[in-house]
Each structure stands twice: as structure tokens, then as C-alpha cells.
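1. fold the following, please.
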Amino acid sequence: MSRFGVGTIAWAAALVAGFILVFTLGSPLPSEGDELQAAYHPATPVTQDAAQASAATIVRLEYPNLVPFAPTVTRQATFGIDAWLLVYAAGGDVPQGVQISVGVTTGLVEVAAFP
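-> Modelled structure (predicted):
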């Protein structure tokens with residue numbers, strides 16, 4: 001076999017190995033839409049950490065001006081519905097913020113912004 005034939009076979013083998021490596025190890029990164037969809041539908045029962053992670057994703061993607069502020073986190077039961085309530089608030093002349101409620105057993109996420 002000539003040097004050209006050996007080189008061609010080696011190049012083809014390396015190319016195939018590279019494609020196999022990319023397809024097996026290189027899972028695509030989630031898009032912002034995928035991240036937001038996951039944040040609005042957390043797995044139940046929702047723990048405090050999961051609620052904070054969902055709220056942080058929602059704030060990062062939909063309310064970027066509130067990212068520097070730490071949320072206040074409370075757990076409350078209203079009308080028999082147990083939920084985590086996270087409030088991101090920015091002070092100033094006109095207070096602004098967002099309130100995110102995450103149901104513990106339902107995983108229902110409700111967002112209400114205030115000026």
C-alpha cells in the first residue's frame with residue numbers, strides 16, 4: 001500500500017473518530033427559552049433551593065435589572081396552597097421589583113412585577 005493510501009485511511013479514521021466524539025460528548029447547551037421553560041416548570045415537590053434556582057433564572061432572563069438584589073424568601077400557605085414566595089425588590093424613588101410564587105406540591109409558578 002502506498003503512503004497516500006495509508007495517509008488517506010488514517011485521515012478518514014481520525015475524521016470519523018472526531019465526529020463520534022462530538023456526537024457522544026457534545027450535548028447542545030440549553031437555549032434561554034429552554035432555561036425559562038424549565039424555570040416555570042420545576043419538579044415537584046419543590047424545595048427551597050429549587051424555588052430559588054427557578055426564581056433566579058426567571059429574574060436573570062426577564063428582569064435583568066433586579067439580578068444584583070437578593071430575594072426575600074418565605075414559605076406560606078394561602079387558602080390551603082403551600083408555596084414559596086420570593087420577592088426581588090429595588091429601592092429608589094420609585095420602588096420596583098418582582099414577586100415570584102412557586103407552589104410546593106403543584107410546581108405552579110406565578111410572577112407579578114410591580115413598578
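
2. hey, let's count contacts and neighbours off CA atoms from now on
-> Noted.

3. check contacts around the spatially most central residue of the chain.
-> By Cα atoms, centre = their mean, the chain has its centre lying nearest to residue 35, at 3.8 Å. Shown in contact with residue 35 (Cα atoms under 8 Å, 6 or more residues apart in numbering): residue 57.

4. do you know the pLDDT at residue 6?
-> If you check residue 6, the pLDDT there is 88.

5. give me the helix or strand of the protein that scores worst on average pLDDT.
-> helix 3-25 (a mean of 88; mean pLDDT, DSSP states H and E).

6. helix or strand right after it?
-> Using DSSP states H and E, the next helix or strand after helix 3-25 towards the C-terminus is helix 32-40.

7. buried ones in that next one?
-> Neighbour-count burial for helix 32-40, counted by 16 or more other Cα atoms under 10 Å, picks out 36, 39-40.

8. equivalent analysis for stretch 82-95, please.
-> Quick answer for stretch 82-95 (16+ other Cα under 10 Å): 82-90.

9. quick one: mean pLDDT over it.
-> 89.

10. who's in contact with that stretch?
-> Contacts for stretch 82-95 (Cα under 8 Å, 6+ apart): 48, 51-52, 55, 66, 69-77, 96-105, 115.

11. tell me which entries of those lie within strands.
-> Among the contacts of stretch 82-95, DSSP state E puts 72-77, 96-103 in strands.

12. the residue lying closest to residue 111 once chain neighbours are set aside pairs with what?
-> For residue 111, ignoring the flanking residues on the chain, the nearest one in space by Cα to Cα, 6 or more residues apart in numbering is residue 100 at 4.6 Å. For residue 100, the beta-bridge partners under DSSP bridges are residue 86, residue 111.

13. so what's residue 100 up against?
-> So residue 100 contacts 55, 85-87, 109-112 (Cα under 8 Å, 6+ apart).

14. mind checking how far it is from residue 61?
-> 14 Å (Cα to Cα, to the nearest Å).

15. ok, residue 5 next?
-> 53 Å.
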